[in-house]
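# One predicted model, sequence on top.
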Amino acid sequence: MSKQYLTTHTVDNAHVTDIFSLAATPTALLSASGSSTLHVHSAKDQTFPLIQSLNNAHKLGCHHIAVSRNGRIAASAGFGGEVKIWKLSASGSGDWELHGELDTSSGSASKRAGEVWAVALSEDGAFLAATSYDGRINVWGLETPEGKKIQEYETGSAGSGSFGLCVDLSPDGKWTASGHQSGAVYVFNNATGKLQYSLPGLVKPVRTVAFSPAGTRLAAAGDASLIALYDMKFGEHVGNLTGHAAWITSVDWSDTGEYLLSGAFDGKVKVWSIDRAACVATHSETDKALWSVKWLPKTGKNEMFVTAGANRSLTFYREATGI
Amino acid sequence: MNSSSSPGNPSPSPSQPRTRLGAQPSSPTNYSSSEEDGGCQSQTPEEQSPAALLIGQIEDILEDAADALTENRPMTIPLRNRRSGNEVPVLFPTPAGTGARRFTAVLHILYICHEALVTGNIVTKRNIYYHNPGLFGSQAYVDYLVDDIAFTFGATFRSLAAASYFNSSSAGPGLLVTAKGYPDLATRQFLSLLHSAYAYIPMYALVDFDPDGIGIMRTFKLGSRNLDHEVNATVPSLSWLGVKSEDIFSVARPLDSPSKSSSQPSTCTIQSQSSAGAVAPAQITTSHDSLSPENPATPSTTLAITDYKMVVLTLNDRNKAINLLAALKTPEDQDAEDMNLTSELQLMLMLNTKFEIQAIEDMGNMTNWLDARLKSSFDGDLE
């Protein structure tokens, strides 16, 4: 049985350029784009008004933004190679404040274009994982504003791995997963600091990876236009979700892990039932690329999600209930 | 192999000995002229074109390989080494059990050349590389093998792919300029002079969809950032014709192609009104060698880009893209063209992908694409 979702609201031209990344907290939606400003929209109001602009955050634009599950720490990665760490103000105003800029200078200046690409934060925001140009996955501790690198995972011989396009940390902090240009998907065991699984199934660039809320499943997708699902117990490839006709740029699990949201380069967003391994809803408000799709933390009784991309707008959907 | 490569000939079983096919082109196309429809005329051995000879030579090799398979002996392609002049056959399997890649690569190139000769289409070395980058590994490897093959057949690659494109451009009276592979001062000053004398002539740049291409275009337009003393070497009105992301990502987003990829008679009007100077760095030279006017146009269909034409950005490319982004103003203060550039550079970085001009040709027909692009640019300028 399919599900019905309605467009409830659109924030047109939320940014002046493509919106590349979204991050949702229980109270706000953070958006990053090709412009230098990050935006914070309130999730407490049905119209998602802009409540804060973080100006000059990334001079050359921002390609990834991530937020800790507890909604207190955010990290944004800019095209210039810099990573900024943001903190929710302790005052309770809902404002975000710059905490610091990650020290990525372990690499030489020539590496600045390649040292950090995709970023992910741990549940409490204490750790940040980031991919690099040559396939390494680095983990920083964020106790100090500039952070401290505590782990470096190699994926291939030193300095010659495949570009890390995406990364995620499992909510329980146990795993780090990365997706690569080569189609490789790797899962590292954070406790042992070792590669746990090298996951088969996708031979084309993997542009998004996401752990289920319980950390038992991993979804990976990209240019193969299908979503591969893996079980984390034995690293088993347990299924594919097929139906997209374009590169998949973003996936996100619902809070319960029952549904997976996916967005693609052709502007289509899909909702998948994990139990039934089937697509239950498809929407396309735009034929331009979607770069990011996110469930919003459940506040009312209805599930909501948001999409953003090359049409520069934020489009909000909610589940239609009955009548 | 026989039946697929020689549709017009009877196909004896592979084990049956055959005479040389050189005298009998399998698909009797007129190889040297694109004006005539040679699809139904037969050539006598006396009139045999060099292409027909080559087709025969290639088919002999392919037949021998097929025979070898049925006779359970190693397949052999007789290839001559350019340096020594000696014949160094390419075997599979080799006694050492290696050589699969080399054999496959040579066989694949021969197949592509055969197809090109039979159909009268043009292939370039770059074309060949894009057929299977995974197999060939590098353009240099293709170049190396093609040169050996050309040497073996006593012909240059150019004669293998002998062609007559380029006189047929319907873009109207125009000027196509190519530089030396980089924006050299002489070409830049020439264009600057041309522009100052004939300011009404629009100039367009056709460059690769990669940071180097955009950098080259910017240098023609605005000059070299480090060399302010280079006077009279810019063309500020230069427009960026392509290649742009919209030309390429049709796999995900069909082109609104009726207006873009069909060449309608109306383009003539526009072309007769304007002269098109397309400034194109070295890459376009290779493209020009290989345009195929006979190719059916692909109006109103999606140009089928496939993933194999994607090339991954190098770290140098990424650094260059970042430097270009930094040289542009922040998006909030940009004019339309700079915003477009910023957007395209960011897209390259996001997708970690670049495309050469060649990709357009591989997807369809470069002439139609150029005609359509120039037309829409003229239209845009008139508005």
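Okay, I see it.
# List the contacts of the nearest residue to B:Ile77 once chain neighbours are set aside.
In space, and not counting its chain neighbours, B:Ile77 is closest to B:Val90: 4.4 Å by C-beta to C-beta, 6 or more residues apart in numbering or on different chains. Just so you know, the C-beta spots here come from the backbone N, C-alpha and C atoms, and that holds for glycine as well. Applying C-beta atoms under 8 Å, 6 or more residues apart in numbering or on different chains, one finds that B:Val90 lies in contact with B:Thr76, B:Ile77, B:Leu79, B:Gly99, B:Arg102, B:Phe103, B:Val106.
# Out of those residues, which end up buried?
B:Ile77, B:Leu79, B:Gly99, B:Arg102, B:Phe103, B:Val106 (16 or more other C-beta atoms under 10 Å in any protein chain shown).
# just checking, which of those residues belong to strands?
Counting by DSSP state E, these place B:Ile77 in strands.
# from the buried ones among the contacts of B:Val90, which two are the most distant?
Pairwise distances across the buried ones among the contacts of B:Val90 (C-beta to C-beta) peak at 12.0 Å, for the pair B:Leu79 and B:Gly99.
# Tell me where chain B has strands.
Assigned by DSSP E, the strands in chain B fall at B:75-77, B:90-92, B:174-178, B:203-206, B:239-242, B:276-280, B:311-312, B:353-354.
# What is the burial count for the residue of the stretch 51-200 of chain B found nearest chain A?
Using C-beta to the nearest C-beta, the closest approach of the stretch 51-200 of chain B to chain A is made by B:Gly134 at 10.6 Å. B:Gly134 has 6 neighbouring residues, counting by other C-beta atoms under 10 Å in any protein chain shown.
# Then the one 10 residues further on?
Neighbour count of B:Tyr144, defined by other C-beta under 10 Å: 15.
# Please apply the same query to A:Asp287.
Using other C-beta under 10 Å, the number of residues around A:Asp287 comes to 14.
# now swap in the one 10 residues further on and tell me
By other C-beta under 10 Å, the residues close to A:Pro297 number 16.
# same question, the one 4 residues further on
The number of residues packed around A:Lys301, counting by other C-beta under 10 Å, is 8.
# Distance-wise, check it relative to chain B.
Counting by C-beta to the nearest C-beta, to the nearest Å, the gap from A:Lys301 to chain B is 35 Å.
# How about A:Asn13?
Distance, A:Asn13 to chain B, using C-beta to the nearest C-beta: 13 Å.
# Now the residue nearest to B:Asp338 when sequence neighbours are not counted. Its backbone dihedrals?
Excluding its sequence neighbours, the residue lying closest to B:Asp338 (C-beta to C-beta, 6+ apart) is B:Leu328, at 5.2 Å. Taking degrees, to the nearest 10, you get phi -80, psi 160 for the backbone angles of B:Leu328.
# Now do the same for the residue nearest in space to the middle of chain A: its pLDDT.
For chain A, A:Ala66 is the residue whose C-alpha lies nearest the centre (C-alpha atoms, centre = their mean; 6.3 Å). pLDDT, A:Ala66: 98.
# just checking, it touches A:Ala75?
Yes. With contacts counted by C-beta atoms under 8 Å, A:Ala66 reaches A:Ala75, the gap being 5.1 Å.
# Give the residues shared as contacts by the two.
With C-beta under 8 Å, 6+ apart, A:Ala66 and A:Ala75 have common neighbours A:Val119, A:Leu121, A:Leu128.
# and A:Arg312, helix, strand or coil?
coil (DSSP: H, G, I helix; E, B strand; the rest coil).
# where does the stretch 51-200 of chain A have low pLDDT?
Scanning the stretch 51-200 of chain A for pLDDT under 70 picks out A:105-114.
# those helices in it, which residues are they?
Assigned by DSSP state H, counting those that start in this stretch, the stretch 51-200 of chain A shows no helices.
# what about the strands in it?
For the stretch 51-200 of chain A, strands defined by DSSP state E, counting those that start in this stretch occupy the ranges A:62-67, A:73-78, A:83-88, A:96-101, A:119-121, A:127-131, A:137-141, A:148-153, A:164-169, A:175-180, A:185-189, A:194-199.
# what lines up beside the shortest one in the sheet?
Sheet pairing of strand A:119-121 (DSSP bridges) gives strand A:127-131 (antiparallel).
# where's the strand it pairs with relative to the chain centroid, distance-wise?
Relative to its chain's centre, strand A:127-131 lies at 12 Å (C-alpha atoms, centre = their mean, to the nearest Å).
# Give me the residues contacting that strand.
So strand A:127-131 is contacted by A:66, A:75, A:77, A:83, A:85, A:102, A:116-122, A:137-142, A:147, A:150, A:163-169, A:173, A:176, A:178 (C-beta under 8 Å, 6+ apart).
# Just the buried subset of these, please.
Here, 16+ other C-beta under 10 Å leaves A:66, A:75, A:77, A:83, A:85, A:102, A:116-122, A:137-140, A:142, A:147, A:163-169, A:176, A:178 buried among the contacts of strand A:127-131.
# Identify the residues contacting residue 199.
Reading this off chain A. A:Ala184, A:Val185, A:Tyr186, A:Val187, A:Leu218, A:Ala220, A:Ala228, A:Tyr230, A:Gly235, A:His237.
# my bad, chain B
Taking C-beta under 8 Å, 6+ apart, we find B:Ala199 in contact with B:Ser237.
# can you do 7 Å?
If you count contacts by C-beta atoms under 7 Å, 6 or more residues apart in numbering or on different chains, B:Ala199 has none.
# before we move on, back to that, verify the stated contact: the residue nearest to B:Asp338 with B:Asn340.
No. Counting by C-beta atoms under 7 Å, B:Leu328 stays clear of B:Asn340, with 10.3 Å between them.
# Looking at the shared contacts of A:Ala66 and A:Ala75, which is nearest chain B?
A:Val119 (14.3 Å).
# So what pairs up with the closest one in the strands?
A:Ala130.
# With adjacent residues omitted, what lies nearest to A:Glu154?
A:Arg136 (5.8 Å).
# Now for A:Ala228: which residues touch it?
By C-beta under 7 Å, 6+ apart, the neighbours of A:Ala228 are A:Gly201, A:Leu202, A:Ala220, A:Ala221, A:His237, A:Asn240.
# Same question for A:Leu142.
A:Ile73, A:Ile85, A:Gly125, A:Ala126, A:Phe127, A:Leu128.
# give me that answer again for 10 Å
A:68, A:73, A:75, A:85, A:87, A:99-100, A:102, A:121-122, A:124-128, A:148 (C-beta atoms under 10 Å, 6 or more residues apart in numbering or on different chains).
# A:Leu29 against A:Leu22, yeah?
Yes. If you go by C-beta atoms under 10 Å, A:Leu29 and A:Leu22 touch, sitting 6.4 Å apart.
# Find residues that contact each of those two.
A:His39, A:His41, A:Val67, A:Lys294, A:Leu296, A:Val306, A:Ala308, A:Leu314.
# before we move on, which element is the first one in?
With the criterion set as DSSP states H and E, the secondary-structure element containing A:His39 is strand A:38-42.
# so what does that strand touch, helix or strand wise?
strand A:19-24, strand A:28-33, strand A:50-54, strand A:62-67, strand A:73-78, strand A:83-88, strand A:314-319 (3 or more C-beta pairs under 10 Å, 6 or more residues apart in numbering or on different chains; DSSP states H and E).
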